[in-house]
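Chemist: need coordinates for the below:
(chains A and B)
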Number of protein chains: 2
Amino acid sequence: MCVQPAEHGDLALPTGDAYREYLGELVAEGLLVPMGVRGVYGRGRDFERVIVRFDEYVARASAELAPEVLRFPPLFNRSDYRRIDHIHNFPDLMGSVHTFTGGELEHREMLGKFERGEDWSRNLAPAEVMMTPAICYPLYPTLAGGTLPEGGRRVDLQGFAFRHEPSDDPARMQIFRMHEVVRLGLPGEALEHRDYWLARGGELLRAVGLHATPVVANDPFFGRGGKVQKAMQREQSLKYEFVVPICSAEKPTAVGSCNYHLDHFGAAFDIRSHDGSTAHSACVGFGLERVALALFRAHGLAIGAWPRDVRHVLALD
Amino acid sequence: MCVQPAEHGDLALPTGDAYREYLGELVAEGLLVPMGVRGVYGRGRDFERVIVRFDEYVARASAELAPEVLRFPPLFNRSDYRRIDHIHNFPDLMGSVHTFTGGELEHREMLGKFERGEDWSRNLAPAEVMMTPAICYPLYPTLAGGTLPEGGRRVDLQGFAFRHEPSDDPARMQIFRMHEVVRLGLPGEALEHRDYWLARGGELLRAVGLHATPVVANDPFFGRGGKVQKAMQREQSLKYEFVVPICSAEKPTAVGSCNYHLDHFGAAFDIRSHDGSTAHSACVGFGLERVALALFRAHGLAIGAWPRDVRHVLALD
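Modeler: Numbering: from 1, shown residues only, chains lettered A, B, ... in the order given. Predicted coordinates for the structure are as follows:
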């Protein structure tokens, strides 16, 4: 599954000084702005600029495949969430949006709790939406019950994903953007897409000075039961990550991944290939904030001093 | 307050055919993609392109004032949320993010409810974050307890805001982007900023063929008590909106607003001007999705057929 496209395997997250040190440098330079919650930051002008330019760079590469282009907001339908198994596999990363649906009486009751410092969140009701856990999730329900054209579909996506995962590692944000290219179709088409991007993704990263190694990886499935799923995912080589050292050479960070979902989403949303079989899917995803963090780490905190060829490729001049 | 920068006053929202008709046209053209929740849509290639280009156009105008540039994610700190009065004034629009913090035992309990179709949302705990109700909210806490330089500060912002407000009006989305320019400083500096943008904002909109009339407006304060606040806000002319007919000539839609917050945020976060007085603030905000909807309404659903001067101004050629 492409659920968590930027996970570094089974390694426990070190919260060592190297993470806090880099975070401190980024904050001192105004590249990230603390918001009082671990893993939630404002982005300064240059940090955002690098993200926008890398995003455009990926979009140009993606455009070579003439994909459809869609942009989903950071929220998706709660009833679609129920059709996938995120609540089984990644409950600890979930973001469920709740709101107030009462009248004036209920409002006074909630305000009473608020003012007494009590838990007022129980006075809220679940809204129709969940935070988007992976930016390709909202795509599949829009194809539900449908049949793909011959050759399948390619879709270029970009947007915010949420993971509740407070951390001092600047690369482990709770809310971050991904640029993805998804392919739905026959198993061979999905695999071809995954393999194409395994090569192309590495090329794109190398051209900006990031020597990303593709490694077999797994998503952070929850609990003891999750161990089996992790092992199965690895055994079938369903997930590859492009890893780059950011704060640690021993524990490099995934800045992108290539994922083959088998028929996971096709089955969940009854999407069929033109021959009537359940659609398979694959995606490549680049973690835009992580790429920016890797670039600032590799080339320094001042964009003006980056190597000329990197600035040229990213149109930063 | 700048809380709800795109509200059309006290008028009840009509859910007439004109709204559903335009929504239907947008969907048929692939400009918006339904996600099964009223007011939550995917954006098609051309819809997004117009948003990006209008956003850049506002950024160029904002750059004339040499502001700082910051980008906040769609989430902000729950403890900062507690320092403003959103829960008092706009509880019905709130988005509170909840997550699962239990272990395997609690997970099994929650899954049991999930599988029996019961309410599992009570098994979640409030996360450290709330959905951002207005994109300048996350800015003020970053300045908390500080003193502004002489001349105050100008900050250019862009990002997603959330309002729980399900509707068939395509212009009343639950999750949408704003581009804002905020000024903090002495009362006269805040007012000057508001008045500057009241003129400049109208100019920018007219240059893309939107003949936006600025009107005195108010935020949608909750409940009976809110009526007094609405009247006070209007009486003091704290909020002006640029309104444009999209689906209805009688009930035009606000595509932007200019707001003078008095010392609301300065007091909540103890931000002081260089003379030691509590900082005042003002902002201009453009609702990017609403502007796009107004543009597609005014010039047609095919960008290629838009007037040449509009395409030129927005660099759409």
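
Chemist: residue A:233: which element?
Modeler: helix A:225-235 (DSSP states H and E).

Chemist: helices of the stretch 151-300 of chain A, start to end?
Modeler: For the stretch 151-300 of chain A, applying DSSP state H, counting those that start in this stretch gives helices covering A:187-206, A:225-235, A:264-268, A:288-299.

Chemist: tell me which of these sits most buried.
Modeler: helix A:288-299 (a mean of 24; mean count of other CB atoms under 10 Å in any protein chain shown). The C-beta positions use only the backbone N, C-alpha and C, and glycine is treated the same way.

Chemist: show me what that helix is packed up against.
Modeler: Contacts defined by 3 or more CB pairs under 8 Å, 6 or more residues apart in numbering or on different chains; DSSP states H and E place helix A:288-299 against helix A:17-28, helix A:45-63, strand A:175-185, strand A:253-260.

Chemist: what's that helix in contact with?
Modeler: Contacts with helix A:288-299, where a contact means CB atoms under 8 Å, 6 or more residues apart in numbering or on different chains, come from A:6, A:22, A:26, A:31, A:43, A:47, A:50-51, A:54-55, A:158, A:170-171, A:173, A:176-179, A:205, A:208-210, A:244-247, A:253-256, A:305-307, A:310.

Chemist: at 6 Å instead, please
Modeler: The contact list for helix A:288-299, computed with CB atoms under 6 Å, 6 or more residues apart in numbering or on different chains, reads A:6, A:47, A:50-51, A:54-55, A:170-171, A:173, A:176-177, A:209-210, A:244, A:246, A:253, A:255, A:306.

Chemist: circling back to that earlier point, would TSV of the helices and strands packed on helix A:288-299 with mean pLDDT, distance to chain B and mean neighbour count be doable?
Modeler: Formatted as TSV, those follow (pLDDT from 0 to 100; distance: least, CB to the nearest CB, whole Å; neighbours: other CB atoms under 10 Å in any protein chain shown):
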stretch	mean pLDDT	distance to chain B	mean neighbour count
helix A:17-28	95	11	16
helix A:45-63	98	4	18
strand A:175-185	98	4	26
strand A:253-260	97	19	28
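
Chemist: looking at these, which is closest to residue B:125?
Modeler: Nearest to residue B:125 among those is strand A:175-185; the distance by CB to CB comes to 17.9 Å.

Chemist: helices and strands around that closest one, which ones?
Modeler: With contacts defined as 3 or more CB pairs under 6 Å, 6 or more residues apart in numbering or on different chains; DSSP states H and E, strand A:175-185 has these neighbours: helix A:45-63, strand A:153-162, strand A:280-287.

Chemist: note down every partner strand of the last one and its orientation.
Modeler: It refers to strand A:280-287. strand A:175-185 (antiparallel), strand A:253-260 (antiparallel) (DSSP bridges).

Chemist: just the second one next, same as before
Modeler: Sheet pairing for strand A:153-162, assigned by DSSP bridges, gives strand A:68-71 (parallel), strand A:175-185 (antiparallel).

Chemist: ok, the helix or strand just after the shortest one near chain B or not?
Modeler: In the C-terminal direction, the helix or strand that comes right after strand A:68-71 (DSSP H and E) is strand A:75-77. Yes. On the criterion CB under 6 Å from any CB of the partner chain, strand A:75-77 is in touch with chain B at A:75, A:77.

Chemist: centre of the chain versus strand A:75-77, how much separation?
Modeler: When C-alpha coordinates are averaged (CA atoms, centre = their mean, to the nearest Å), strand A:75-77 and its chain have centres 15 Å apart.

Chemist: and the residue of the stretch 201-317 of chain A found nearest chain B, what's its pLDDT?
Modeler: Taking CB to the nearest CB as the measure, the point where the stretch 201-317 of chain A comes nearest chain B is residue A:223, at 4.8 Å. On the pLDDT scale, residue A:223 is placed at 90.

Chemist: how much space between it and residue A:241?
Modeler: Distance of residue A:223 to residue A:241, given as CB to CB, to the nearest Å: 22 Å.

Chemist: more crowded one of those two?
Modeler: Each of residue A:223 and residue A:241 has its neighbours counted (other CB atoms under 10 Å in any protein chain shown); residue A:241 has more, 27 against 15.

Chemist: quick check: bridge partners of that one?
Modeler: Residue A:241 has these beta-bridge partners by DSSP bridges: residue A:215, residue A:257.

Chemist: thought it was touching residue A:254?
Modeler: Yes. Counting by CB atoms under 6 Å, residue A:254 is a contact partner of residue A:241 at 3.8 Å.

Chemist: before we move on, the earlier item: so what's the residue of the stretch 201-317 of chain A closest to chain B up against?
Modeler: Residue A:223 makes contacts with residue B:104, as judged by CB under 6 Å, 6+ apart.

Chemist: distance of it from residue B:109?
Modeler: Distance of residue A:223 to residue B:109, computed by CB to CB: 13 Å.

Chemist: close to chain B: what parts of the stretch 101-250 of chain A are there?
Modeler: Residues of the stretch 101-250 of chain A lying close to chain B (CB under 6 Å from any CB) are A:104, A:107, A:114, A:121, A:124, A:126-129, A:142, A:164, A:175, A:223.

Chemist: rewinding a little: among the helices and strands packed on helix A:288-299, which is nearest residue A:90?
Modeler: Closest to residue A:90 of these, according to CB to CB: strand A:253-260, at 14.5 Å.
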